[in-house]
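> Sequence isn't available, so here's the structure alone:
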Ligand SMILES: [Cu+2]
C-alpha cells in the first residue's frame, strides 16, 4: 500500500506535459513550433533533424545572435552543438524551471542561423512576443 506522501509526490510528474520541437526540419533553419506555453516541470524535447545546431538560451533584445555558449537570460541553458550529419537525430531535453518568458536560438555559424530565424520562445507574453524576439534576432 502506497503512503499518501508517496502518492502526492507522484502527482507533479503525472501532470507534467511534454512538448516536442523539431530543429532543422526539412534542412531548414527553423524550430517547429516556434514557441510553447509550458508550466514549471514540463519538458521540451528538441530533436535535431538536419545539419548541426544548438538550442541555446538568448537575451530577448540587444546582442541576441549568436547566443553565448552556456546560454544567456533568466535561466541559462545550452544544448551545445548537436549534429545530425551522421543521421543520429540527437535530442536535447529541457525541463522548464519557470513560467517567465525565456528565449532561445541556434548559436551556429557566428549567429547566422539565429539571424535567419532559428529562434524559439518559451512562454512569450504580450510584451515579450516571439515575433519581436525574432525581429530583434534578425537585427542583431
Ligand atoms: Cu542552427
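Done, it's in. Nothing here was measured: the structure is a model prediction, and the numbers come from that model. Numbering: from 1, shown residues only.

> So which residues on the protein come close to the ion?
53, 106, 108, 113, 118 (CB under 5 Å from the ion). C-beta: built from backbone N, CA, C; applies to glycine.

> and the residue lying closest to residue 28 once chain neighbours are set aside, helix, strand or coil?
Leaving aside its sequence neighbours, residue 28 sits nearest to residue 50 (CB to CB, 6 or more residues apart in numbering; 7.6 Å). With DSSP: H, G, I helix; E, B strand; the rest coil as the basis, residue 50 sits in coil.

> give the contact list for residue 50.
Contact analysis of residue 50 by CB atoms under 8 Å, 6 or more residues apart in numbering lists 24-28, 84.

> Pull out the buried members of these.
Neighbour-count burial (16 or more other CB atoms under 10 Å) applied to the contacts of residue 50 gives 24, 28, 84.

> Okay, strands next: where are they in the protein?
Ranges of strands within the chain are 18-23, 31-32, 35-36, 43-48, 52-53, 56-58, 82-83, 91-95, 102-105, 119-122, based on DSSP state E.

> Point out the other helices and strands that the last one packs with.
Using 3 or more CB pairs under 8 Å, 6 or more residues apart in numbering; DSSP states H and E as the contact criterion, the neighbours of strand 119-122 among helices and strands are strand 35-36, strand 102-105, helix 130-138.

> List the contacts of it.
With CB under 8 Å, 6+ apart as the test, strand 119-122 has contacts from 21, 31, 34-36, 38, 44, 55, 58, 64, 96, 101-105, 128-130, 133-134, 137.

> Now with 6 Å, please.
When contacts are defined by CB atoms under 6 Å, 6 or more residues apart in numbering, strand 119-122 is touched by residues 31, 35-36, 38, 102-105, 130, 133-134, 137.
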